[in-house]
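S.K.: Prediction below, plus the sequence it came from.
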Amino acid sequence: MNTWKTLKAHPELWERYFIREKVIAAIRIFFGQQKFHEVETPLLIAHPPAESYLDIFETTLFDRNRNPTKAYLSTSPEVPLKKLMVAGIGNCFAVTKSFRNMETQSNLHNPEFTILEWYRVGADYRDIMSDCEELLVFINTYIKRTTPGMETQRPEELSYQGTRVNLAGPWERLTVADAFLRWAHVDFAEFLLEDHAKSIAQKKGYVIEAETTWEELYNQIFLNEIESHLGRGKPTILYEFPGVMGALARKKKSDPRFAERFEFYIEGLELGDCYSELTDWKEQQSRFESELKEIKRLGKTIYDYDHDFIDALKAGLPDSSGIAIGVDRLVMLFADAKRVQDTMLFPSEELFHVP
């Protein structure tokens, strides 16, 4: 049954869907109080950032004479926001739609989704960790203050799928290496060596083929043995990702095998992905070119990266850090829903009859 029919038959469900407007309102108040600029970024773009793990939507733009130009739906507002930072906008954020293909038949994905990104100048990924701790409590407090019957509940606590979660900071901080050792019993220093990684994965019973990449080996172990343990009862910040897994992230000076990157989790849900931003245009160009080769190897839609972004980096991106957070997953969390689709008025599975 389509959502509008369900709501017509069960009007008591409206409150769950209204959580979305409260989450977005709280986000805008939070950043407005800190004097961030809210930016509208384009949804129709000429060049997506080169990230091989994504599948994109390609379309055609016609001029008045029907001359065609390839165009794409934006996968995130990251590049436009960084260009504005080069121009001098300072701290900024966007709440916008983004699009990623092949993200159907999942409780945690929708091909069209809402994303929050913010960037703080003169900051690194550790500063954004603090932002996240403060933002989640702020949203939770706002929802309880504006929802009848919830005003007296503790602002730092929420209940998700029968489990009480304490949002108060500081959150658990755990390196990727520590997580691999704790739950997969893998020495990550050894796993970083590709031949050793294949041997480790084979001993664990994973299927390894000649073309299997190191990142695919990583994902098999992480998704099957680690992710579900993260953020249980209290949010977990997972940090120090392998450098090869941060296409736009700055590498750690003290150990360039790792990137200044973190993700945060609540009850096994990955909610945000943060980087200390890469400012070296030569390194960024090299990474984009490497990603495009991987996109071609994987047989995905081929496109060119945004050369204007490289020009912007040449002009000078200030030291900064930023994060992307899936708003739909935030809404799912605060609405105590099992699927992101259960918080969307028009999920793609209904529009396109995806089984």
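M.R.: The structure has been received and is ready for your questions.
S.K.: Tell me what Cys274 is bridged to.
M.R.: Phe262, Ile323 (DSSP bridges).
S.K.: Quick one: residues contacting it.
M.R.: Cys274 makes contact with Tyr125, Ile128, Met129, Cys132, Arg261, Phe262, Glu263, Phe264, Ser321, Gly322, Ile323, Ala324, according to Cβ atoms under 8 Å, 6 or more residues apart in numbering. Every C-beta, even on glycine, is put in place using the N, C-alpha and C of the backbone.
S.K.: for Thr141, same thing?
M.R.: Pro155.
S.K.: circling back to that earlier point, from the contacts of Cys274, keep the buried residues only.
M.R.: Tyr125, Ile128, Met129, Cys132, Arg261, Phe262, Glu263, Phe264, Ser321, Gly322, Ile323, Ala324 (16 or more other Cβ atoms under 10 Å).
S.K.: The residues you listed into TSV, with extra columns for distance to Gly90 and pLDDT?
M.R.: Formatted as TSV, the buried ones among the contacts of Cys274 follow (distance: Cβ to Cβ, whole Å; pLDDT from 0 to 100):
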residue	distance to Gly90	pLDDT
Tyr125	19	96
Ile128	16	98
Met129	20	98
Cys132	20	98
Arg261	23	95
Phe262	23	97
Glu263	26	97
Phe264	24	98
Ser321	14	97
Gly322	13	97
Ile323	17	98
Ala324	19	97
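S.K.: from the contacts of Cys274, which is closest to Tyr160?
M.R.: Among the contacts of Cys274, Phe264 lies closest to Tyr160 (Cβ to Cβ), at 14.4 Å.
S.K.: So the closest one, which state does it fall into?
M.R.: strand (DSSP: H, G, I helix; E, B strand; the rest coil).
S.K.: That one is in contact with Lys234, isn't it?
M.R.: No: counting by Cβ atoms under 8 Å, Phe264 does not reach Lys234; the two are 11.0 Å apart.
S.K.: and of the buried ones among the contacts of Cys274, the nearest to Asn67?
M.R.: Checking those one by one against Asn67 (Cβ to Cβ), the nearest turns out to be Ala324, at 34.3 Å.
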